[in-house]
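# turn this into a structure:
(one chain, ligands or ions: 4)
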Amino acid sequence: MGRVKNRIDYENLRNARILENQARLSSLGLQKTLSDLRSLTSSAKAEKGRTQKRKHDKKVYGTTDLRRSDRLKHIATNSSALKALPMRRSNRLRAESSELISSKKVKGNTDYESEEESSDGEKRPANAPFVKIKGVNLLSLSPEASARRCHSKGRGSIYDPVFGICCHFCRQKKLCGEEDCKRCGTLDPDQPCIGKTDCSVCHSTNGVFCRACLKVRYGEEMEEVRENREWMCPHCIEERGIKPFWICNSSLCLKKRKMAPTGIAIFKAREMGYESVAHLLMEELKRRNKLK
Ligand SMILES: [Zn+2]
Ligand SMILES: [Zn+2]
Ligand SMILES: [Zn+2]
Ligand SMILES: [Zn+2]
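Ligands and ions are numbered 1, 2, ... in the order given. Model (predicted):
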């Protein structure tokens, strides 16, 4: 009997606590946030349940023809990377982007277009893509975003779908974290981003790297690249046969070659005394070539 009573007491107490918590949350206006979080968690669970399907997808990519599978692989890489992201992070990114957009919307009904070519047909550097903004003359970062922009110099800390320039390696469309970047700091569309590279030969999105990827994956310093007017991306270096076995090690480009992506190979590379993943790969490819 005593045991039953204890259980009832416990349940009463529990229910009372739940009600109390709900009341407190709604008084704080947190109700919506909580249910948002719950739906996020449940969609994460649903995605976990789809592991089977993902395995199946991988097999399909291996057997389809090259060009098509490349494009699909790109999509697959992106989506599986997203799935692998911890909840907290995607949440934060969402918050960042909405916070930026809202700060822009306040200033008028805006409309964006981003192009590699400006209206007069001139090819723009890939770290200064042309952004057409209708309806506003001047955009600015919210004070909060502005204060946080330089928190990560390597990859940047603010996601921005309009001014952020996508890094060929990490694919993150972020404002750079360089203190004196006019494009990212003052959202000036006519300025190049000094925290992203531009290839002097192709001026394409393939030659755009953030500071962190440039260093870790290719062993190069942003300052040196910025000063070198003849800097070439790994794709152009390979195309011109300048440095044998120097290849782009982005997961996309490695898949095109049917090579395994080298996600965390930097640890291995550093342990072995290599400057970057590209240096490690270059040596590996050289060795393999000798064995042939
Ligand atoms: Zn990057
Ligand atoms: Zn920048
Ligand atoms: Zn290039
Ligand atoms: Zn590449």
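
# drop to CA atoms for contacts and neighbour counts, all remaining ones
Fine.

# show me what from the protein comes close to ligand 3.
199, 202, 207, 233, 236 (CA under 5 Å from the ion).

# give me the buried entries from these.
Buried positions within those, assessed by neighbour count (16 or more other CA atoms under 10 Å), are 199, 207, 233, 236.

# list the buried residues of stretch 222-234.
Under 16+ other CA under 10 Å, the buried positions of stretch 222-234 are 222, 225, 231, 232, 233, 234.

# which one of those residues sits closest to ligand 1?
Using CA to the ion, residue 222 comes nearest to ligand 1 of those, at 11.8 Å.

# spatially nearest residue to that closest one (excluding sequence neighbours)?
residue 211 (5.7 Å; CA to CA, 6 or more residues apart in numbering).

# right, and residue 154 touches residue 212 too?
Yes - the criterion here is CA atoms under 8 Å, and residue 154 meets it with residue 212 at 4.3 Å.

# out of those two, which sits in the more crowded spot?
Higher neighbour count among residue 154 and residue 212: residue 212, with 23 against 18, using other CA atoms under 10 Å.

# residues in contact with that one?
Applying CA atoms under 8 Å, 6 or more residues apart in numbering to residue 212 gives the contacts 153, 154, 155.

# one more time with 10 Å
152-156, 167, 169-170, 195-196, 218-222 (CA atoms under 10 Å, 6 or more residues apart in numbering).

# out of these, which touch ligand 2?
Within the contacts of residue 212, those near ligand 2 by CA under 5 Å from the ion are residue 195.

# returning to that earlier point: put together CSV for the buried residues of stretch 222-234, with pLDDT on each row.
Below are these laid out as CSV (pLDDT from 0 to 100):
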residue, pLDDT
222, 97
225, 97
231, 97
232, 97
233, 97
234, 97
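
# which element, helix or strand, includes the residue of the chain found nearest ligand 2?
Nearest residue of the chain to ligand 2: residue 193, at 3.6 Å (CA to the ion). If you go by DSSP states H and E, residue 193 is not part of any helix or strand.

# same deal with residue 131?
Assigned by DSSP H and E, residue 131 falls within strand 130-134.

# got the buried residues for the helix or strand following that strand?
Remark: after strand 130-134, the chain's next helix or strand is helix 143-148, criterion DSSP H and E. Buried residues in helix 143-148, defined by neighbour count with 16+ other CA under 10 Å: 145, 146.

# try stretch 180-191
Buried residues in stretch 180-191, counted by 16+ other CA under 10 Å: 181, 182, 183, 184, 185, 187, 188, 189, 191.

# what's the answer for stretch 269-282, then?
For stretch 269-282, a neighbour-count test (16+ other CA under 10 Å) marks 269, 274, 275, 276, 277, 278, 279, 280, 281, 282 as buried.

# who's in contact with it?
213-220, 234, 243-250, 262-268, 283-285, 287-288.

# dump the residue contacts of residue 188.
128, 131, 138, 139, 140, 163, 181, 182.

# same list (the buried ones among the residues of the chain next to ligand 3) but as TSV, adding distance to residue 124 and secondary structure.
Shown next, in TSV, are those (distance: CA to CA, whole Å; DSSP: H, G, I helix; E, B strand; the rest coil):
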residue	distance to residue 124	secondary structure
199	11	coil
207	13	helix
233	16	coil
236	17	helix
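
# between these, which is closest to residue 14?
residue 207 (58.2 Å; CA to CA).

# so that closest one touches residue 198, yeah?
Yes - taking contacts as CA atoms under 10 Å, residue 207 lies within contact range of residue 198: 5.7 Å.

# what's the overlap in contacts for the two?
Common neighbours of residue 207 and residue 198 (CA under 10 Å, 6+ apart) are 125, 126, 127, 231, 232, 233.

# show me which residues of the stretch 151-292 of the chain are close to ligand 4?
Counting by CA under 5 Å from the ion, the stretch 151-292 of the chain sits next to ligand 4 at 248, 253.

# now the strands for the stretch 151-292 of the chain?
Here the stretch 151-292 of the chain has its strands, by DSSP state E, counting those that start in this stretch, at 158-159, 165-166, 173-175.

# could I get those strands as CSV with mean neighbour count?
Shown next, in CSV, are the strands of the stretch 151-292 of the chain (neighbours: other CA atoms under 10 Å):
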stretch, mean neighbour count
strand 158-159, 26
strand 165-166, 25
strand 173-175, 24
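
# possible to save these as JSON lines with mean pLDDT?
Shown next, in JSON lines, are the strands of the stretch 151-292 of the chain (pLDDT from 0 to 100):
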{"stretch": "strand 158-159", "mean pLDDT": "90"}
{"stretch": "strand 165-166", "mean pLDDT": "94"}
{"stretch": "strand 173-175", "mean pLDDT": "95"}
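
# alright, I will stop here.
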